[in-house]
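Q: Generate coordinates for the sequence data below:
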Amino acid sequence: MPKISETEAAALNSGTICFDRDLFQGNPSTKDLVAKYSVKLTAEEQSFLDNEVEVLCEMLDNYQIDLDQNLPPEVWRYIREQKMMGMVIPKKFGGLGFSGHGHAKVVEKIAGRNGAAAVSVMVPNSLGPGELLYHHGTPEQQEYYLPRLAHGIDIPCFGLTGAASGSDAAAMRDEGVVCMQDGVLGMRVNCSKRYITLAPVATLIGLAFKLRDPQGLLTKGKEGITVALLPTEANQFAPNGIPGLETGPRHNPLGAAFMNGTVKGQDIFIPMSCVIGGEEKTGYGWNMLMECLGEGRGISLPALSLANSKLSTLAVGGYARVRKQFKVPIASMEGVQEKLANIGRNTYQVTAAQALFDAILADGEKPTVLSAIMKQQCTEKGRQSINEAMDIVGGAGISKGPANFVATAYVATPIAITVEGANALTRSLIIFGQGLTRAHPHLRSLIEAIQHGDDMPTFNKELTNTIKHAFTNLGRSVGRGLAVQVRPKGSDVAGYYEAQLSRFAANFAFCSDVGLTLGGGLKTSEYISGRYADVLSNLYMGYAALWYYQSHKHVKDLDKVLDLAMYDVCHNIQEALFGIQANFPVPLLGPIMKAATFPRGREYHAAPDKLRKQVSELITTPTEVRALLTENVFVSKNPNDRVNQISRAVSMAVEADKIMSACRKAKRQPTTEEQAKIDAAEELREQIIQVDAFPTLANQEHNHQGMTPTWTVQRAAAEKVAQ
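A: Down below sits the predicted model:
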């Protein structure tokens, strides 16, 4: 087994283990989840959403922001004055002291209106230096910086990514050398960071770099990755400022209007007092990053993705009910219903996953493995939802302008897939690799015994425990596999799927133990690791769906959405397990795993069309399900706003269509009152189906003089003859 590097050890030691351990043990329980975890906004957080966030959203003109490639000055000012950049900073330092759930809901609501504004609020609360300062800063750093960050006086950014260090952040080239300058202990640093959100406007830059101490000047701390705070103006920590530090110019991330750019410095001097935590924290930067920023990864980008899914449910679901082709709402067409059902399913799954993750955070956990699952799964489901939404709205989605409520989110979606750990690598390297080492009940101790080299008693004990664990879950796999064969679904949809997930959890735990036969090769078997990650991720998503249902089962017909979501989860897990077993590199072990988990072959299939149709109807008509899945979506009070119009039109269109259907059946004309309702619905429908058109684009005249031909047919023919 290869030696674990220092950066790998820091990642493995960061955060906490909670429900992920239950999954690796093969014996999780929805009942235990319900008993242990719950989440709810505080009255203060709800008031903030209903008032300050509502005001901000009304200020945002999505199309104009895209044109300007910046938020208006009054929006920047409002965000900062209302402490939106300091939501998670404790009240004693002037912040709002919001929970992770409150933070997520604020970002989610803003993102449903404008992604650039949401990112500008999100980054200081999840990827900024505030969290690092609170947990690791010196008292002097906390007292000075945290109030400034909370009140929006300083705008923070965090410089981690460089040309050689994208997903492999530990490969950074940025380097500092401990030195003395004018009697001050500090570091001479060279850095070149890119893709840094808020860098072009930041006044406080968090910078990660590798520190060396060739002269042995450090009296505390150590060499290694270090994190420092660099002000753009002189202050008590950097009395002379940081000469040579450059922020900007801007990148253009797919035309998204949020600030993103570079941070560079050539031979800059950073006083030791700028290191977060002071000299004694030099060399501990990677540990800090793993502990503090992993939590934000599970909050911020999932919130953006959920906003896309919820907006698709509200506005695209409504549009499909209002828009007609061939004299029927397109929501009645099966090709559209298939896409609507996917949107409804994804919205439920991400809503449930976010709520459970936030509840786990509220219980004091810092689940790094679940954070990676959240980022990868939620952004992928958000991407699918917005893709389906674009297909449904068609021409109205590709025609940009004030009336287009889909295009900006659609274009920016790949950004969420890429940042904070590209999804491809998060899936194939992080989720299962880190999860197995951290959350397996015996593997961590086994590895430590191997690394020590001479701890044979511990090694023998943990190896025996691991073998016992494998056989225990082999028995569970067989027993539960037999039990589900005689378990009908009936009316107890949740109970039925609890039994299926219990079986899958045992399958996963057993197959994970078999995977240990690959030893260190498991780290490089990314096809296999990615499929294990799919099983683990879908187990979390499935249990989150069941957990969420228990507190919302009073919502009429929510069991149908749960059923569709669980069809998806079960089928995904089955296919991932079959992929592991068919491609497992050790001879015979693949067939052994298959015999223990699926002796009868494939048992789970895609959801039936009837269920898809039911879910699509639930999100395109005024139902309790539609209300639940569109909670916290901002709807402007402007009657000319397209989402406002769609929100009003859904119930009007449904009622008008019922009236016309009844009149046709009865072979009668509508009454005066009925006709008024039909006319009002048709008038609003006509407004909604219009798209924007402009005299010019980019201030360029399209019918300019160059478009007038200076040749004739006769001249062209004569020239051809002459040739």
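Q: Which residues are in contact with Gly344?
A: Residues in contact with Gly344 (C-beta atoms under 8 Å, 6 or more residues apart in numbering) are Thr313, Gly317, Val561, Leu564, Val615, Ser616, Leu618, Ile619, Val625, Leu629. Placement of C-beta: from N, CA and C, glycine included.
Q: Okay, and it sits in which element?
A: Per DSSP states H and E, Gly344 falls inside helix 334-362.
Q: How far away from the center of its chain is that helix?
A: The chain centroid and the centroid of helix 334-362 are separated by 12 Å, computed with C-alpha atoms, centre = their mean, to the nearest Å.
Q: Could you identify the helix or strand that succeeds that helix?
A: helix 368-393.
Q: Could you give the separation of that following helix from the chain centroid?
A: The answer for helix 368-393 is 7 Å, by C-alpha atoms, centre = their mean.
Q: Downstream of it, the next helix or strand is which one?
A: Taking DSSP H and E, what comes next after helix 368-393 is helix 395-398.
Q: and for the helix or strand just after that following helix, what are the contacting residues?
A: Note on helix 395-398: by DSSP H and E, the next helix or strand toward the C-terminus is helix 407-418. Defining contact as C-beta under 8 Å, 6+ apart, one finds that helix 407-418 is touched by 62, 66, 111, 114-115, 253-256, 301, 304-305, 307-308, 311, 379-380, 382-383, 386-387, 389-390, 397-398, 400, 423.
Q: make it 7 Å
A: Residues from elsewhere that reach helix 407-418 (C-beta atoms under 7 Å, 6 or more residues apart in numbering): 62, 66, 115, 253-256, 301, 304-305, 308, 311, 379, 382-383, 386, 390, 397-398, 400, 423.
Q: mind checking how far Leu697 is from Gly401?
A: With the distance defined as C-beta to C-beta, to the nearest Å, Leu697 ends up 10 Å from Gly401.
Q: repeat for Ile417
A: According to C-beta to C-beta, Ile417 stands 26 Å off from Gly401.
Q: Tell me where the model's unsure across this protein.
A: Applying pLDDT under 70 to the chain flags the ranges 1-12, 292-295.
Q: And the residue of it most remote from its centre, how close does it get to Arg715?
A: Distance from the C-alpha centroid of the chain peaks at Ala722, with 65.6 Å (C-alpha atoms, centre = their mean). The gap separating Ala722 from Arg715 is 11 Å, by C-beta to C-beta.
Q: For the contacts of Gly344, give me TSV that also has neighbour count and distance to Ile155.
A: Formatted as TSV, those follow (neighbours: other C-beta atoms under 10 Å; distance: C-beta to C-beta, whole Å):
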residue	neighbour count	distance to Ile155
Thr313	28	33
Gly317	28	37
Val561	28	41
Leu564	24	43
Val615	25	43
Ser616	27	43
Leu618	25	43
Ile619	29	39
Val625	25	40
Leu629	27	34
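Q: of those residues, closest to Ser529?
A: Leu564 (28.7 Å; C-beta to C-beta).
Q: isn't that closest one right up against Ser616?
A: No - if you go by C-beta atoms under 7 Å, Leu564 and Ser616 don't touch, sitting 9.8 Å apart.
Q: joint contacts of the two?
A: Ala341.
Q: Just the buried residues of the helix holding Gly344, please?
A: 336-337, 339-361 (16 or more other C-beta atoms under 10 Å).
Q: Show me the contact partners of stretch 466-476.
A: Contacts of stretch 466-476 (C-beta under 7 Å, 6+ apart): Gly26, Pro441, His442, Leu443, Leu446, Ala506, Ala509, Phe510, Asp513, Val514, Leu516, Ala596.
Q: And the furthest pair within these?
A: Leu446 and Ala596 (22.3 Å).
Q: Please give the number of neighbouring residues around the nearest residue to Ser525 once chain neighbours are set aside.
A: Among residues not flanking Ser525 along the chain, Leu518 sits closest, at 6.0 Å (C-beta to C-beta, 6 or more residues apart in numbering). Residues contacting Leu518 under the criterion other C-beta atoms under 10 Å number 17.
Q: check contacts around Leu518.
A: When contacts are counted by C-beta under 7 Å, 6+ apart, Leu518 touches Ser525, Pro585, Val586.
Q: so can I have a markdown table of these showing distance to Ala499?
A: Putting the contacts of Leu518 into a markdown table (distance: C-beta to C-beta, whole Å) gives the following:
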| residue | distance to Ala499 |
| --- | --- |
| Ser525 | 31 |
| Pro585 | 32 |
| Val586 | 31 |
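Q: Could I get those residues in a markdown table, plus columns for neighbour count, distance to Leu539 and secondary structure?
A: As requested, the contacts of Leu518 are exported to a markdown table (neighbours: other C-beta atoms under 10 Å; distance: C-beta to C-beta, whole Å; DSSP: H, G, I helix; E, B strand; the rest coil):
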| residue | neighbour count | distance to Leu539 | secondary structure |
| --- | --- | --- | --- |
| Ser525 | 19 | 20 | coil |
| Pro585 | 12 | 24 | coil |
| Val586 | 12 | 24 | coil |
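Q: Distance of Glu58 relative to Leu96?
A: Applying C-beta to C-beta to Glu58 and Leu96 gives a distance of 20 Å.
Q: can you check Leu304 too?
A: 20 Å.
Q: If you count surrounding residues, which of these two has more?
A: Neighbour totals were compared for Leu304 and Leu96, and Leu304 leads with 26 against 23 (other C-beta under 10 Å).
Q: secondary structure element for the more buried one?
A: Going by DSSP H and E, Leu304 is in helix 300-311.
Q: Tell me the helices and strands packed up against the helix or strand following that helix.
A: Downstream of helix 300-311, the next assigned helix or strand under DSSP H and E is helix 317-322. Judged by 3 or more C-beta pairs under 7 Å, 6 or more residues apart in numbering; DSSP states H and E, helix 317-322 is in contact with helix 334-362, helix 642-666, helix 672-688.
Q: thinking again about what came up before, show me the common contact partners of Leu697 and Gly401, please.
A: With the criterion set as C-beta under 7 Å, 6+ apart, the contacts of Leu697 and Gly401 do not overlap.
Q: Looking at the two, which one has more neighbours?
A: Set side by side, Leu697 and Gly401 show more neighbours around Gly401, with 16 against 10, by other C-beta under 10 Å.
Q: Contact partners for the nearest residue to the more buried one once chain neighbours are set aside?
A: Spatial nearest neighbour of Gly401, chain neighbours left out: Asp692 (2.5 Å); criterion: C-beta to C-beta, 6+ apart. Residues in contact with Asp692 (C-beta under 7 Å, 6+ apart) are Ser399, Gly401, Pro402, Ala403, Asn404.
Q: now do Ala257
A: Per C-beta under 7 Å, 6+ apart, neighbours of Ala257: Ile65, Asp66, Gln69, Asn70, Ala116.
Q: Most neighbours among those, which one?
A: Ala116 leads the contacts of Ala257 on contacts (other C-beta under 10 Å) with 26 neighbours.
Q: does Cys511 really touch Ile580, like I thought?
A: Yes - in this structure, Cys511 is within contact of Ile580 by C-beta under 7 Å, at 6.1 Å.
Q: helix/strand/coil for the residue nearest to Gly401?
A: coil (DSSP: H, G, I helix; E, B strand; the rest coil).
Q: If we go by neighbour counts, what in the longest strand along the chain is buried?
A: Determined from DSSP state E, the single longest strand within the chain is strand 184-197. For strand 184-197, burial by neighbour count (16+ other C-beta under 10 Å) applies to Gly186, Met187, Val189, Asn190, Cys191, Ser192, Lys193, Arg194, Tyr195, Ile196, Thr197.
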